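Trainee: when you get a sec, could you give me coordinates for this:
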Amino acid sequence: GHIISGLKTIALAGLKYYGLFGRTNSATVKNTFAIDCSYYSNSEDDRIGCIIGEMIGGKMYYSEGEGKLSAEGIRAIMGGLVGYAENAEIHSCMAMPAMECNGANAIMGGLVGKMFGNGRSDGMGMCRVFNCFANPQFRTTSSTAFGGGLAGVMDKNQNYYSFCEVTECYVRLDRLHQFP
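Mentor: Modelled structure (predicted):
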């Protein structure tokens with residue numbers, strides 16, 4: 001596998017996607033470990049993940065994300081592995097993020113911040129996560145933030161073919177009050 005340790009990124013003007021890979025499109029990421037990463041964002045609508053900020057299509061497997069994700073901007077989306085995943089497949093992965101979000105309407109998920117299936121009629125309009133583990137920490141001052149042990153939000157368009165699926169995953173929330 002590939003181990004990346006100590007990756008740090010601070011807010012940069014115009015940067016919307018934070019992660020080992022900021023944005024991927026139909027990529028395959030496997031055996032990749034982002035350990036002790038640290039990302040800080042302060043703009044609106046940023047997407048932050050230890051490994052991928054925004055994942056459009058593609059697959060991730062046998063990978064791990066661990067580190068601190070922080071956002072100040074409104075509507076930030078962050079996840080231990082992937083900030084935003086659309087029509088993607090993630091399996092056999094693990095994440096242990098410490099997430100802090102102080103902007104309004106922020107989304108935090110232990111594995112994925114927001115999962116989205118866009119409803120393609122060829123059956124590719126789904127977002128799937130299976131056989132994964134998360135042990136996240138959350139902290140926020142916003143009364144409008146969303147947080148979930150595996151996913152912060154699962155969403156789809158109104159198409160019959162569109163859906164999100166999470167199976168055979170596990171979450172531990174025993175680190176909630178031990179934020180670094």
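
Trainee: return the set of buried residues in the one helix or strand Thr24 maps to.
Mentor: Applying DSSP states H and E as the criterion places Thr24 in strand 21-25. Under the neighbour-count criterion of 16 or more other Cβ atoms under 10 Å, strand 21-25 has 21-24 buried. (C-beta placed from N, C-alpha, C; glycine too.)

Trainee: again, but for stretch 134-152
Mentor: For stretch 134-152, a neighbour-count test (16+ other Cβ under 10 Å) marks 134-140, 145-152 as buried.

Trainee: so how far does that stretch reach from one end to the other?
Mentor: Between the opening and closing residues of stretch 134-152 lies a distance of 12 Å (Cα to Cα, to the nearest Å).

Trainee: rounded mean pLDDT for that stretch, please.
Mentor: For stretch 134-152, mean pLDDT is 91.

Trainee: also stretch 44-61?
Mentor: Per-residue pLDDT values across stretch 44-61 average out to 95.

Trainee: what's in contact with the helix or strand Ser38 falls within?
Mentor: Per DSSP H and E, Ser38 falls inside strand 32-41. Taking Cβ atoms under 8 Å, 6 or more residues apart in numbering as the criterion, the residues outside strand 32-41 that touch it are 1-11, 15, 18-20, 48, 50-51, 60, 63-73, 76.

Trainee: any quick PyMOL command for the buried ones out of the residues you listed?
Mentor: The following PyMOL command selects only the buried members of the contacts of strand 32-41, with burial defined by 16+ other Cβ under 10 Å:
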select buried, resi 7+9+11+18+19+20+48+50+51+60+63+64+65+66+67+68+69+70+71+72+73+76
